[in-house]
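**Q** Prediction below, plus the sequence it came from.
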Amino acid sequence: MPSRRIGPRMKEATAIVAGNPGCTKLFVAEQVGPNGSRQYGYRTVERCIKAGLIVAVKAAQGNRYYLTTTKENS
């Protein structure tokens, strides 16, 4: 299995989700993006999801996703 690079923003995003389970992508994106940059923040959240640090669960209605951490990152 190839190693994965986990940068400081990814660690920060994972910690935010661990402290706020069920939060939205927007909430985390605004926290980790420099100067509140949503675009950068969303990319960071997506990298965390792809790396398996964060799990995104689609809400029953609408286009929202609620975030949780994986067991190993709780």
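**A** Now that the structure is in, tell me what you want to look at. Numbering: from 1, shown residues only.

**Q** Can you give the contact residues for stretch 24-42?
**A** With contacts defined as Cβ atoms under 8 Å, 6 or more residues apart in numbering, stretch 24-42 is touched by 9, 12-13, 16-17, 20, 44-45, 56, 64-67. For glycine as for every other residue, the C-beta is placed from the backbone atoms N, C-alpha and C.

**Q** switch the cut-off to 7 Å
**A** 9, 12-13, 16-17, 20, 44-45, 64-67 (Cβ atoms under 7 Å, 6 or more residues apart in numbering).

**Q** mind checking the longest helix of this protein?
**A** helix 38-51 (DSSP state H).

**Q** ok, L67 touching I54?
**A** Yes: contact criterion Cβ atoms under 7 Å: L67 and I54 qualify, at 5.4 Å.

**Q** what do the two both touch?
**A** Here L67 and I54 have V17 as joint contacts, going by Cβ under 7 Å, 6+ apart.

**Q** Nearest the geometric middle of this structure, what residue?
**A** The centre of the chain sits closest to V45, judged by Cα atoms, centre = their mean, with a distance of 3.6 Å.

**Q** Go ahead and confirm that residue touches A13.
**A** Yes: judged on Cβ under 7 Å, V45 makes contact with A13 at a distance of 5.8 Å.

**Q** any residues in contact with both of those two?
**A** Common neighbours of V45 and A13 (Cβ under 7 Å, 6+ apart) are 28, 54.
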